[in-house]
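Visitor: test case, fold it:
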Amino acid sequence: MDYFEISKEIKEAIGKGREGKPVVALESNLITHGLPFPENINTAFQMEKNIRDEGAIPATIAILNGKIKVGLSHDEIEKLAQFPNTIKASKRDLSALLTKEMNGGTTVALTMWIAHRCQIVFFATGGIGGVHSDFGGEDNMDISADLTELSRTPVAVLCSGPKAILDIPRTMEYLETMGVPVLGYKTKELPDFYSQSSHVKVDFPVKDAQEAAQIVWTHLHLKMGTGLVIANPIPTEFALSKKKVDHWIEQAQQSAQKENIKGKQLTPYLLNKIKEFSEGRSLKANIELLKHNATVTAQIALAYQEILLSGPHK
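Guide: As a prediction, the model looks like this:
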């Protein structure tokens, strides 16, 4: 049984290979769980528009009625945003969701896996998951499935770093151990999601889309077997002060500890609390970095397509 439903436009682009337009994958968890209504729909539409404006094709991915949909229509995005009981879908949920014919918003880990199955190299998102901070003296061993998927799925994931609520140094250590390169797009330091820098060094800074595409091509050509992280800082005009963000995170963590919030509920709880403490500024920053990441990913995907056509530059 074929569980995949790929839009005609994307199927044709993939089928043409190096002669076709590049495709950029987009997750749907930001529509179902990441952003409030109507910002979720508006941001999803704008990300797709930004990718098209650069000359690439967006592929928003979701689970709809037990099918893996690659390339949602605007009508499907609007419906997905309003479906009740939609699951936040990671890779371990997939078989049950398909069998039970349920709906799911795909996380980074699942979107990566689906993109790779469909021969899509580039994926634009906001922030990746990582290693959670041990607050309250608890060693919780909470490590995102995103990191495991990056260690075994050769897709280039462009993001604004790990989500700010995470333990950034530990996340970088984990990626290093798993052999996942972390590139900094026009930066030497890993972005801190809402802020431009976490003060943690990336593995290699890249100066432009062409250099980033060249590294991705080399990595995939060598069949390294892992994904890549391309970390792109939030634009300066929308960046928040790291000191302020760290204070809001501390407040959110204290609140989560009092209410005994753990597991899957922790990340959305913390992000919602930060939005509350920041009086909506974190939400605005989140939306703007998502849109910017879509644009930059499309630019790198176009540069990668040029390499496929003309060969790598040394």
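Visitor: what mean pLDDT would you report for whatever helix or strand Ala285 lives in?
Guide: If you go by DSSP states H and E, Ala285 is part of helix 281-310. Helix 281-310 shows a mean pLDDT of 97.
Visitor: just the buried positions in it, please.
Guide: Buried residues in helix 281-310, counting neighbours by 16 or more other C-beta atoms under 10 Å, are found at 281-283, 285-308. The way it works is simple: take the backbone N, C-alpha and C, and place the C-beta from them, glycine included.
Visitor: and the contacts of stretch 47-57?
Guide: Contact with stretch 47-57 is made by 9-10, 13, 21-24, 26, 58, 60, 124, 290-291, 294-295, 297-299, 301-302, as judged by C-beta atoms under 8 Å, 6 or more residues apart in numbering.
Visitor: I should have written stretch 30-44 there, sorry.
Guide: Under the contact criterion C-beta under 8 Å, 6+ apart, stretch 30-44 has outside partners 26, 28, 60, 62, 77-78, 80-83, 86, 88, 104-105, 125-126, 268, 271, 283, 286-287, 290-291.
Visitor: give me the phi and psi angles of Asn260.
Guide: Main-chain torsions, Asn260, degrees, to the nearest 10: phi 60, psi 40.
Visitor: equivalent analysis for Val229, please.
Guide: Main-chain torsions, Val229, degrees, to the nearest 10: phi -110, psi 130.
Visitor: look up phi and psi at the spatially closest residue to it that is not a sequence neighbour.
Guide: Once flanking residues are discounted, Val229 sits nearest to Val182: 4.5 Å by C-beta to C-beta, 6 or more residues apart in numbering. When read as degrees, to the nearest 10, the backbone of Val182 gives phi -120, psi 110.
Visitor: over to Ile57?
Guide: According to degrees, to the nearest 10, Ile57 has phi -120, psi 130.
Visitor: which residues does it bridge with?
Guide: Ile57 forms beta bridges with Val23, as assigned by DSSP bridges.
Visitor: do the same with the one 10 residues further on
Guide: On the basis of DSSP bridges, Lys67 takes part in beta bridges with Leu64.
Visitor: from Ile287, how far out is it?
Guide: Lys67 sits 28 Å away from Ile287 when distances are taken as C-beta to C-beta, to the nearest Å.
Visitor: what do you get for Gly227?
Guide: 25 Å.
Visitor: what do you get for Leu228?
Guide: From Leu228 to Ile287 the distance is 25 Å (C-beta to C-beta).
Visitor: hey, which helix or strand in the chain has the poorest pLDDT?
Guide: One helix or strand of the chain scores below all others by mean pLDDT, DSSP states H and E: helix 266-277, with a mean of 88.
Visitor: helices or strands next to the helix or strand harbouring Lys243 in the packing?
Guide: In this assignment (DSSP H and E), Lys243 forms part of helix 242-259. In terms of contacts (3 or more C-beta pairs under 8 Å, 6 or more residues apart in numbering; DSSP states H and E), helix 242-259 is packed against helix 266-277.
Visitor: and Tyr174, that's in a helix?
Guide: Yes - assessed by DSSP: H, G, I helix; E, B strand; the rest coil, Tyr174 belongs to a helix.
Visitor: hang on, it packs against His132?
Guide: No - Tyr174 sits out of contact with His132 when judged by C-beta atoms under 8 Å, with a separation of 11.4 Å.
Visitor: who touches both of those two?
Guide: With C-beta under 8 Å, 6+ apart as the test, Tyr174 and His132 both reach Ile143.
Visitor: who's more crowded, the two?
Guide: Using other C-beta atoms under 10 Å, the more surrounded residue of Tyr174 and His132 is His132, with 23 against 19.
Visitor: tell me the pLDDT at the closest residue to the more buried one other than its chain neighbours?
Guide: Nearest residue to His132 in three dimensions, chain neighbours excluded: Asp142, at 3.9 Å (C-beta to C-beta, 6+ apart). pLDDT recorded at Asp142 is 75.
Visitor: so who does Asp142 touch?
Guide: With contact set as C-beta under 8 Å, 6+ apart, Asp142 has these partners: 131-132, 263, 266.
Visitor: out of the residues you listed, the closest to Ser255 would be?
Guide: The closest of the contacts of Asp142 to Ser255 turns out to be Leu266 (C-beta to C-beta; 11.2 Å).
Visitor: from what I can see the closest one touches His132, true?
Guide: Yes - assessed by C-beta under 8 Å, Leu266 is found in contact with His132 at 7.1 Å.
Visitor: pull out the buried members of the contacts of stretch 30-44.
Guide: 26, 28, 60, 62, 77-78, 80-81, 83, 86, 88, 104-105, 125-126, 271, 283, 286-287, 290-291.
Visitor: give me the subset of these lying in helices.
Guide: In helices, defined here by DSSP state H, the members of the buried ones among the contacts of stretch 30-44 are 77-78, 80-81, 271, 283, 286-287, 290-291.
Visitor: could you find the closest non-adjacent residue to Lys163?
Guide: Gly127 (4.1 Å).
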